[in-house]
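K.L.:
need a 3D model of the sequence below.
(one chain, ligands or ions: 1)
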Amino acid sequence: MTKLIQHCVVPVNAFPVSWSSVMSLLSADDVRVAATGHWAFLLSRAGIPIEHLDGRGHPCPRCGGHDRFAAFDQLPIRGGVHCRRCFTRGTDPRPGDGISTVRWMLGCGFVDALRWIADQLGIDTTLSTKHSSLASASPTIAAPRPSISNDEVGRWTAVAKTAYRDMPGSMRDQLAASLGVTTQSLDHLRVGLDQSTGASTWPMRDADGNVIGVRMRDWRRTGQKWSLIGSHSGLFFHRVRPNDVPRGRLFIVEGASDTAAALSMGLWAIGRASCSSSSRFVLDYVRRHTPEKITLIADNDEAGIGGARRLATQIQHRGHRVEILIPPSEYSDLRQWHWHGADRDLVIGHRVLESLPAIMMPQQLLLGFDVSLSDAMTR
Ligand SMILES: [Zn+2]
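P.N.:
Prediction:
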């Protein structure tokens, strides 16, 4: 992994090499443990200038002033900051640890703060949400994200390109066979190889198709998934020229390999890294390409269906009818269903779980979903 990381923004303290301990069971405590030592990186990602985290007085990133904002002691380990005016005793949230700081900066609830932090650290929450408190709580907003600079896009594009070139065709065939998808689908998603770990690399994109991060999948041993450090969570899709973007029915699926399965079936599909990430890019993509019909294919579990329902509501409120479809109960996700023979016609003809009518909400009521970080900071 080190080979790829050297191109990217890396926090001051190196991350532990193995994430297995935090990936298996994600809880607030797990997130705290994973974030320990990395709060300067995380808080700068949340929009606090890193040079303002030195413990001295500085302008508040939310309400201004000259010196009313300061970091508490042991910032890298605890992540606590305060502002004498807007983040102090009696405010909600109250200053305390880094999770409160993230809640305050992003204007989100506890669960969304955990998700956002996990996302920034590249911790996979897809599997673990099934067994943790994250699954039952419903988020109040989609986590706002800082804008992504051209430099960063350039770096991630280079990382993804190198990895794509490093994967021999025969290995792509092998990976395709092990996933039960076509080699062409992996080619279209620009799946590559990280030579240092042997893991496959899956570029994540914004709605325009720019590479903004890389998802990893250890396909030969454990099947673990994670994101390269500093990655932004984004979409998996086949980037084509504007005139070649398909029309008709768009399928939105969960996970990189499910996207490959959908493409293998000849569906117009985009995927997100987990059932709770990248809503904003999905909404951007939908706005840009105005599909005639939108179908979310959820994983066959509570977290998957819950995540699909939240996204469906956001899409619906932008004036689109949207359906949710789940694979038959014996299959956990779309890839498994495809593995057992499902093809395009079967998926297209499958009974939907729910169909939500289009609702056009006034822009100002679409709370939180589209806010950029700067909006969140000035609210
Ligand atoms: Zn303030």
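K.L.:
could you pull out the helices for the stretch 151-300 of the chain?
P.N.:
Assigned by DSSP state H, counting those that start in this stretch, the helices in the stretch 151-300 of the chain fall at 169-179, 183-188, 256-264, 279-289.
K.L.:
winner for burial among the ones you listed?
P.N.:
Of the helices of the stretch 151-300 of the chain, the one with the most neighbours on average (mean count of other CB atoms under 10 Å) is helix 256-264, at a mean of 28. Any C-beta I mention is one placed from the backbone N, CA and C, and that applies to glycine too.
K.L.:
and that helix with helix 169-179, angle?
P.N.:
100 degrees (axes from the mean of the first three to the mean of the last three CA atoms, to 10 degrees).
K.L.:
and helix 256-264, what does it pack onto?
P.N.:
Secondary-structure packing of helix 256-264 (3 or more CB pairs under 8 Å, 6 or more residues apart in numbering; DSSP states H and E): helix 169-179, helix 183-188, strand 211-217, strand 235-236, strand 249-254, strand 268-272, helix 334-339.
K.L.:
will you turn those into CSV that also has mean pLDDT?
P.N.:
Formatted as CSV, the helices and strands packed on helix 256-264 follow (pLDDT from 0 to 100):
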stretch, mean pLDDT
helix 169-179, 96
helix 183-188, 98
strand 211-217, 93
strand 235-236, 97
strand 249-254, 96
strand 268-272, 96
helix 334-339, 96
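K.L.:
dump the helices of the stretch 151-300 of the chain into CSV; add distance to the ion as well.
P.N.:
As requested, the helices of the stretch 151-300 of the chain are exported to CSV (distance: least, CB to the ion, whole Å):
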stretch, distance to the ion
helix 169-179, 49
helix 183-188, 47
helix 256-264, 40
helix 279-289, 26
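K.L.:
now distance to L346 too, for those helices, in a markdown table please.
P.N.:
Listed next are these as a markdown table, based on distance: least, CB to CB, whole Å:
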| stretch | distance to L346 |
| --- | --- |
| helix 169-179 | 19 |
| helix 183-188 | 17 |
| helix 256-264 | 12 |
| helix 279-289 | 24 |
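K.L.:
which of these sits closest to Q195?
P.N.:
Of all the helices of the stretch 151-300 of the chain, it is helix 169-179 that lies closest to Q195, at 11.0 Å by CB to CB.
K.L.:
and that closest one, how far out from the chain middle?
P.N.:
Put simply, helix 169-179 sits 25 Å off its chain's centre (CA atoms, centre = their mean, to the nearest Å).
K.L.:
same question, stretch 348-356
P.N.:
Worked out by CA atoms, centre = their mean, stretch 348-356 lies 25 Å from the chain centre.
K.L.:
export only the CA atoms of it, formatted as CSV.
P.N.:
Coordinates of each C-alpha in stretch 348-356 appear next as CSV, following Å, rounded to 0.1, in the frame of the first residue of the first chain:
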residue,chain,number,x,y,z
ILE,A,348,-35.8,-5.6,-15.0
GLY,A,349,-38.9,-7.8,-14.5
HIS,A,350,-38.4,-8.3,-10.8
ARG,A,351,-41.1,-7.0,-8.4
VAL,A,352,-40.1,-3.9,-6.6
LEU,A,353,-40.2,-3.6,-2.8
GLU,A,354,-41.4,0.0,-2.8
SER,A,355,-42.2,2.7,-5.3
LEU,A,356,-42.0,6.3,-4.2
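K.L.:
identify all contacting residues around it.
P.N.:
249, 295, 298, 305, 309, 312-313, 316, 321-326 (CB atoms under 8 Å, 6 or more residues apart in numbering).
K.L.:
pick out the lowest-pLDDT one from those.
P.N.:
Across the contacts of stretch 348-356, the bottom pLDDT score, 83, is held by T313.
K.L.:
for R84, give me its contacts.
P.N.:
R84 is in contact with R68, F69, counting by CB under 8 Å, 6+ apart.
K.L.:
quick one, phi/psi of it?
P.N.:
phi -60, psi -20 (degrees, to the nearest 10).
K.L.:
same thing with I99?
P.N.:
Dihedral pair for I99: phi -60, psi -40, per degrees, to the nearest 10.
K.L.:
is it true that it touches A113?
P.N.:
Yes. Using CB atoms under 8 Å, I99 is in contact with A113, at 5.2 Å.
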